[in-house]
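In: just to be clear, the model below is a prediction. Sequence and coordinates:
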Amino acid sequence: MKNLSRVGFFKELPYGDSDADSIFEAKGKLKTDNIDEICNYLLRGVLLIMSPGMTKDFFSLDGKIIGSGKILTDGEWAWHSDLSYYVRYYAVNLPNPFLQHMRKNKNIPQDLDILKLSI
């Protein structure tokens, strides 16, 4: 069983990791001109876990619904499906190892066997 690295599980989010980075500190820190490529990569991840319910924009005062409870993966990294939303609309920073991995894969998640993965 392969353990996946996690990206975007900010500690303030309902599904966040208590020892993860703060979404407040990450907000507006992504300095790149390829946000579309990053978002497309995140959206093309392979479904690893799905749970019922909706996720809401953490920063929205009116509780805007932005997706459902899904964890996606590229075989090395796992992320919540709403991470692309936070990248696009709030430019949340992502760790360099993840961005380097994405570039190495030419911005296309690889084929994988999800039965051999865990988070």
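Out: Structure's in. What do you need?
In: any buried residues in the single longest strand found in the chain, and which?
Out: The longest strand of the chain (DSSP state E) is strand 46-56. By neighbour count with 16 or more other C-beta atoms under 10 Å, strand 46-56 contains the buried residues 46, 48, 55-56. To be clear about C-beta, it is placed using only N, CA and C from the backbone, and glycine gets the same treatment.
In: show the pLDDT at the residue located most distally from the centre of the chain.
Out: Taking C-alpha atoms, centre = their mean as the measure, the residue most remote from the mean C-alpha position of the chain is D62, 22.6 Å away. At D62, the pLDDT value in this model is 92.
In: cool, and L117?
Out: 63.
In: same question for G67.
Out: 87.
In: in a helix, that's where it is, yeah?
Out: No: in this structure, G67 is strand, not part of a helix, as judged by DSSP: H, G, I helix; E, B strand; the rest coil.
In: residues in contact with it?
Out: Contacts for G67 (C-beta atoms under 8 Å, 6 or more residues apart in numbering) come out as 54-55, 81-82, 85.
In: and the residue farthest from the centre of the chain, how close does it get to K56?
Out: 9 Å (C-beta to C-beta, to the nearest Å).
In: same check, this time on E25
Out: In terms of C-beta to C-beta, E25 sits 20 Å off from K56.
In: again with G63
Out: For G63, the distance to K56 - C-beta to C-beta - is 5 Å.
In: what of K2?
Out: For K2, the distance to K56 - C-beta to C-beta - is 31 Å.
In: what touches both of G63 and K56?
Out: What both G63 and K56 touch, as defined by C-beta under 8 Å, 6+ apart, is an empty set.
In: quick one, strands of the protein?
Out: 2-3, 5-6, 46-56, 65-73, 77-80, 117-118.
In: turn those strands into JSON lines, columns for distance to A20.
Out: Compiled in JSON lines, the strands of the chain are given as follows (distance: least, C-beta to C-beta, whole Å):
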{"stretch": "strand 2-3", "distance to A20": "16"}
{"stretch": "strand 5-6", "distance to A20": "8"}
{"stretch": "strand 46-56", "distance to A20": "16"}
{"stretch": "strand 65-73", "distance to A20": "14"}
{"stretch": "strand 77-80", "distance to A20": "11"}
{"stretch": "strand 117-118", "distance to A20": "18"}
